[in-house]
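1. model this:
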Amino acid sequence: MIRARRQGGFSLLEVLVAFAIMALALGALYQALGGSLRGVGAAGASTRAVLLAQSVLDLYDLVPPEGLAEDGVTVDGLAWELRSGPFPVALENPQWDLHEVVARVRWQDGGREREFALRTLLPVDIRAP
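-> Next comes the predicted model:
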């Protein structure tokens, strides 16, 4: 009787199962890495928007009596606007006239429009002619 000699190694089925498991693991890793990169990009755009809004607000210590109405676009596509309007004060004799100043920044992120706004109160410049 001739004995069948068993070969060492993996069967085709075992190799296919191993490749399927590896493909699923690599797919999950790829998705996680892609999500992280998108998150970093979104965080960078948000940070630039916050810094731009703060910089635009820092241009003024006082508001002219007619208010503020300015806008622009940066080279990297951040659209900003600065607007102000009178702020009602609940005091009978306020020491200053105040304006609410809003710095708003808009940008595109993955086909969606994002927006960030900073608000503050500034006194009206009574020395302005």
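2. could you pull out the helices for this protein?
-> Taking DSSP state H, the helices of the chain run over residues 12-57.
3. Please state the offset of the helix or strand bottoming out on mean pLDDT in it from the chain centre?
-> The least trusted helix or strand in the chain, going by mean pLDDT, DSSP states H and E, turns out to be helix 12-57, with a mean of 85. Computed by Cα atoms, centre = their mean, to the nearest Å, the chain-centroid distance of helix 12-57 equals 16 Å.
4. same question, stretch 67-78
-> Distance, stretch centre to chain centre, for stretch 67-78: 17 Å (Cα atoms, centre = their mean).
5. which residues does V101 contact?
-> Shown in contact with V101 (Cβ atoms under 8 Å, 6 or more residues apart in numbering): L57, Y60, V63, L68, L82, R83, S84, R119, T120, L121, L122. In short, each C-beta sits where N, CA and C put it, glycine included.
6. Any chance of the residues you listed in a markdown table with neighbour count as columns?
-> Formatted as a markdown table, these follow (neighbours: other Cβ atoms under 10 Å):
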| residue | neighbour count |
| --- | --- |
| L57 | 16 |
| Y60 | 18 |
| V63 | 23 |
| L68 | 19 |
| L82 | 19 |
| R83 | 15 |
| S84 | 23 |
| R119 | 11 |
| T120 | 14 |
| L121 | 13 |
| L122 | 18 |
